[in-house]
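*Asks:* the following comprises the amino acid sequence and a computationally predicted model.
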Amino acid sequence: MIEVRLPDGAVRTFPEGTTLREVAGAIGSRLAKAAVAGSVDGRAVDLEYRLTTAAAVSVITADSEAGLEIIRHSTSHLMAQAVKELFPATQVTIGPAVENGFYYDFAHDRPFTTEDLGLIEARMRELVKADLPITRELLPRDAAIALFREMGEIFKTEIIGDIPEGEEVSLYRQGNFVDLCRGPHVPSTGRLGHFKLLSVAGAYWRGDSRNQQLQRLYGTAWADEKGLKAYLHQLAEAEKRDHRRLGRELELFSLQEEAGGGLVFWHPMGSRVRHVIEEFWKQQHREAGYEFLHTPHLANRELWRTSGHLDFYSESMFNPLTVDAEQYQVRPMNCPFHILIFRQGLRSYRELPLRWAELGTVYRYEMSGVLHGLFRVRGFTQDDAHIFCRADQIEAEIEAILELTLATLRTFGFADFQINLSTRPAKSVGSDAIWEKATAALRQAIARQGLDHVEDVGGGAFYGPKIDVKITDAIGRKWQCSTVQLDFNLPERFDISYIGEDGQRHRPIMIHRALMGSLERFFGVLIEHYAGHFPLWLAPVQAVVLTITEAHDAWAEEVRRTLLAAGLRVESDLRNAKVGYKIREHTLKKVPYLLIIGDRERQERTVSLRGRQGKDFGAVPLAELVSRLLTETRTRTATQGPGQLQEETP
RNA sequence: GCUGGCGUAGCUCAACUGGCAGAGCAACGGAUUUGUAAUCCGUAGGUUCGGGGUUCGAUUCCCCGCGCCAGCUCCA
């Protein structure tokens, strides 16, 4: 008999050779039914795994993260089986689980079509119905190589070739399909079924563009129909929120073929939003003790040699221009310019910290294939700042930056934060002492803000540790916008210094930081986060006054002028059209408030207030309306979210 | 940059295997003076992404280029 320790601490004894399936069954029949795999001493294994020694055992169920991953992995194998049955000449390569689903890379003589996807999916469903057992077997490495070579699977043969000689490899069989795999897998194909194939894409063997291009099939898989439905719904929701679509519909911005890829045109409505964002940003930075800079978009290329960008960043830089006899460079970053300003004159320790901010537009060469709406562009504006400080000021500065960052992000409606701290990589500049001190300061600052963080050990840049903040949007997607980065390198390269208390020259520490990152990208995130329903303080048009007939024009004009004078972004719609028509039009433009004026309102000097979700706030006197809209604007509260997007197209 | 898909009116999309390039919405003109998500009638709108080729004839087939989309790659 062997002792088995369960997750709740209980210890039970079973005969040697008991399978995990039997353990699960002994605990409860419900658990046995939900089980997809198990874990023995922390290692994921199949349900058929036989216990030979005492161990800590837990059962992995379909509804857990680990269980889902196994289901996705097994579904990927199911897809490979279907593909092999339909297209026997296809060779299999690898097929892992990924976030929300799985993929499998095939070597196929032609690209798969959407029709193929349908066929494959149908075959997969047949295989699920057949409920084929999925069995594991061990084979010596060389025997496995021989087996796959005989099957003509050269990619698999190559993979096994990388496994050290003399080791055993595991194979999984389901029906006639056999695949090299570490596992674990669900016990039979009948355990799968809540999946959908999504797309075909090219991918390179081993991710190397010099290698053969493979056909990658993507799919999603879930523990139950509810999970699948919810995910497909989220995909549809994301499409409805697509900032490229909303950007055109709401006349916010455009990208133009004539001008070139990745270059953003902010239209009047988008520019209004940007203006509000920038004003907010400036106010916050003024209050936080920042000064503002404006620096050129172009400079002598030598500067970029000094900064080191030419050595390690030139692939992302546009080609230089020749100006007179000199080479000039469009800037991909703002930092060298801020350093040049720092270097003007002698700096005293009394001046530090210096906090210098700039909404600096930079240009980076991105490969044409990666450009994507506002999310990936070639010209964008960073809400950049550089802080020059003494080593003993690092912690306080980082803490202040984090506080400012979180306050900013919260104002834009983001509540979930994931903080990553990246520490010293193998190759780096700067002394051990400064790295240790700086990293400890970053950790401390995060803790002081009452935040948890994840450490990416060795993930920092060579010039200093960094903190990244990821936000979660309204439909659960994560975005990294904010970054705080210590730099021990640039001050060195530009040889900047300040005079310390001791009268000696000292090297300042430089902190790079951006809260929104790129204004363009952040705007894109905001559009999708709010699904175009900007809160009142951001909305390009905050209210539209609309009349029933032209008899109401005079009062409508007075209302409009009053709101305009109060600083609100208001427009009027005096067109000779039915109210229903006007309401529909402005609702589709997602205007937060509609102010409807007819005989009654004119008589009583009120407006009938309607929210963009269709909510009727009744008649509101003009003075009350002004204070109400101003309060909502000033407090930057977000009322009237997107709600059910379907309602917009009744 | 690479692979694949796509490119028709401002937008969404039609046009059987090559045979007169169309609809709805939007725009514009007129009528309608209207109470909480679409009033009616009319007008105009096109180098079918660009260039070349095959053909009696190309939106359709072929080649080259550009752009977009998905993915890969890249990401200080």
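*Replies:* Great, that's in hand.

*Asks:* look up how far residue A:217 lies from residue A:71.
*Replies:* According to C-beta to C-beta, to the nearest Å, residue A:71 and residue A:217 sit 17 Å apart. Bear in mind the C-beta positions are built from the backbone N, C-alpha and C, glycine included.

*Asks:* name the element the closest residue to residue A:54 other than its chain neighbours belongs to?
*Replies:* Take residue A:54 and drop its neighbours on the chain: the residue closest to it by C-beta to C-beta, 6 or more residues apart in numbering is residue A:3, 4.4 Å away. Using DSSP states H and E, residue A:3 maps to strand A:2-5.

*Asks:* quickly run through the sheet partners of that strand, with directions.
*Replies:* Here strand A:2-5 has these sheet partners by DSSP bridges: strand A:11-14 (antiparallel), strand A:55-61 (parallel).

*Asks:* chain center to that strand: distance?
*Replies:* 43 Å (C-alpha atoms, centre = their mean, to the nearest Å).

*Asks:* return the alpha-carbon coordinates of it using CSV.
*Replies:* Output of strand A:2-5 as CSV, limited to C-alpha atoms (Å, rounded to 0.1, in the frame of the first residue of the first chain):
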residue,chain,number,x,y,z
ILE,A,2,1.1,3.5,-0.6
GLU,A,3,0.2,6.8,1.0
VAL,A,4,-1.4,9.5,-1.1
ARG,A,5,-1.6,13.0,0.1
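
*Asks:* about what we covered before: pick the most buried one from the strands paired with strand A:2-5.
*Replies:* strand A:55-61 (a mean of 20; mean count of other C-beta atoms under 10 Å).

*Asks:* what are the contacting residues of it?
*Replies:* A:2, A:4-7, A:20, A:23-24, A:27, A:31, A:34-42, A:44, A:51, A:66-67, A:70 (C-beta atoms under 8 Å, 6 or more residues apart in numbering).

*Asks:* now do the same for the residue in the stretch 351-500 of chain A that RNA strand B sits nearest to: its pLDDT.
*Replies:* Ranked by C-beta to the nearest atom of the strand, the top residue of the stretch 351-500 of chain A for proximity to RNA strand B is residue A:369, at 2.1 Å. pLDDT for residue A:369: 80.

*Asks:* and the strands in the stretch 551-650 of chain A?
*Replies:* For the stretch 551-650 of chain A, applying DSSP state E, counting those that start in this stretch gives strands covering A:570-573, A:593-597, A:606-611, A:616-621.

*Asks:* can you give the domain ranges for chain A?
*Replies:* A:2-61, A:66-237, A:253-295+A:334-529, A:543-648 (automatic domain parsing).

*Asks:* now do the first one, average pLDDT.
*Replies:* Same thing as domain A:2-61. Mean predicted confidence for domain A:2-61 is 84.

*Asks:* how far does that domain stretch from start to finish?
*Replies:* By C-alpha to C-alpha, to the nearest Å, the extent of domain A:2-61 from end to end equals 23 Å.

*Asks:* picking that back up, out of the contacts of strand A:55-61, list just those in helices.
*Replies:* A:20, A:23, A:24, A:27, A:31, A:34, A:66, A:67, A:70 (DSSP state H).

*Asks:* ok, of the residues you listed, which one's closest to RNA strand B?
*Replies:* residue A:70 (21.1 Å).

*Asks:* find me the pLDDT at that closest one, would you?
*Replies:* Residue A:70 is given a pLDDT of 89.

*Asks:* do I have it right that it meets residue A:187?
*Replies:* No - the pair residue A:70 / residue A:187 is not scored as a contact, 10.5 Å apart, by C-beta atoms under 8 Å.

*Asks:* out of these two, which sits in the busier spot?
*Replies:* Applying other C-beta atoms under 10 Å to residue A:70 and residue A:187 shows that residue A:70 carries more neighbours, namely 23 against 20.

*Asks:* ok, that one - contacts?
*Replies:* Counted by C-beta under 8 Å, 6+ apart, residue A:70 has contacts A:36, A:37, A:44, A:60, A:97, A:184, A:185, A:186.

*Asks:* what does residue A:426 give?
*Replies:* residue A:458.

*Asks:* distance of it relative to residue A:192?
*Replies:* Residue A:426 is 42 Å from residue A:192, by C-beta to C-beta.

*Asks:* circling back: so what pairs up with the residue nearest to residue A:54 in the strands?
*Replies:* The partner residues for residue A:3, given DSSP bridges, come to residue A:13.

*Asks:* and of the strands paired with strand A:2-5, who's closest to residue A:435?
*Replies:* Nearest to residue A:435 among the strands paired with strand A:2-5 is strand A:55-61 (37.7 Å), distances taken as C-beta to C-beta.

*Asks:* which strands or helices does the helix or strand where residue A:484 lies pack on?
*Replies:* Following DSSP H and E, one finds residue A:484 within strand A:478-487. Here strand A:478-487 touches helix A:394-411, helix A:432-448, strand A:466-472, strand A:509-518, helix A:519-530, going by 3 or more C-beta pairs under 8 Å, 6 or more residues apart in numbering; DSSP states H and E.

*Asks:* skip ahead from it and say which helix or strand is next.
*Replies:* Following strand A:478-487 in sequence, per DSSP H and E, is helix A:490-493.

*Asks:* now that next one: mean pLDDT?
*Replies:* 93.

*Asks:* buried residues in that helix, which are they?
*Replies:* Residues of helix A:490-493 classed as buried: A:490, A:491, A:493 (neighbour count, 16 or more other C-beta atoms under 10 Å).

*Asks:* now swap in stretch A:99-107 and tell me
*Replies:* Neighbour count says stretch A:99-107 has A:100, A:101, A:102, A:103, A:104, A:105, A:106, A:107 buried, by 16+ other C-beta under 10 Å.

*Asks:* any buried residues in the strand holding residue A:3, and which?
*Replies:* So, applying 16+ other C-beta under 10 Å, buried residues of strand A:2-5: residue A:4.

*Asks:* show the contacting residues for the residue nearest in space to the middle of chain A.
*Replies:* Central residue of chain A (C-alpha atoms, centre = their mean): residue A:479, 2.9 Å from the mean position. Neighbouring residues of residue A:479 by C-beta under 8 Å, 6+ apart: A:470, A:471, A:472, A:473, A:525.

*Asks:* skipping its backbone neighbours, what lies nearest the closest residue to RNA strand B within the stretch 451-600 of chain A in space?
*Replies:* Proximity to RNA strand B, evaluated over the stretch 451-600 of chain A using C-beta to the nearest atom of the strand, is greatest for residue A:598 at 2.1 Å. Excluding the flanking residues, the one nearest residue A:598 by C-beta to C-beta, 6+ apart is residue A:548, at 4.0 Å.
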